[in-house]
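Asks: sequence plus the predicted model coming up.
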Amino acid sequence: MANAVGMIEVFGLTAAFVAADAGCKAANVKIETFDRNKPANADELPVPLIIMVKFRGSVEDVRAAIEAAEEAAKGVSGVISKYVIARPEDSTEKMLRISGLDKN
């Protein structure tokens, strides 16, 4: 069975690193590859780049990591969304491996 996955979207790379650090310190989780999105309305956002941080671990650890990551990111530039999937389905697992950071 796959580990739970927690996802949190934040404004900017600095907030993503701060969130990832806080989440890993708060719980026994691992970070998966960051993902990025530059929306069409980027100029209207506080920071024109959205980064998703993905945590893996037990459901309890992932929830604790997401809570800590959210608090940390709020102090930098803000949180857009967050979600925990307890048991990702196989096709969801494939989508979770996609990352936009390695694309131009």
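Replies: Looks like it came in fine. Numbering: from 1, shown residues only.
Asks: in which helix or strand would I find the residue positioned nearest the centre of the chain?
Replies: Central residue of the chain (CA atoms, centre = their mean): Val53, 2.1 Å from the mean position. According to DSSP states H and E, Val53 maps onto strand 50-57.
Asks: same thing with Pro88?
Replies: Pro88 belongs to no helix or strand, assigned by DSSP H and E.
Asks: from Val76, how far out is it?
Replies: Distance of Pro88 to Val76, given as CB to CB, to the nearest Å: 28 Å. All C-beta spots, glycine's among them, are computed from the backbone N, C-alpha and C.
Asks: okay, and the beta partners of the residue nearest to the centre of the chain?
Replies: Counting by DSSP bridges, Val53 is bridged to Ile8.
Asks: tell me the pLDDT at it?
Replies: Per-residue confidence (pLDDT) for Val53: 95.
Asks: how about the contacts made by it?
Replies: Counting by CB atoms under 8 Å, 6 or more residues apart in numbering, Val53 makes contact with Met7, Ile8, Val10, Ala16, Ala19, Ala20, Gly23, Ile31, Phe34, Ala69.
Asks: can you tell me how far it is from Glu71?
Replies: Taking CB to CB, one finds Val53 at 13 Å from Glu71.
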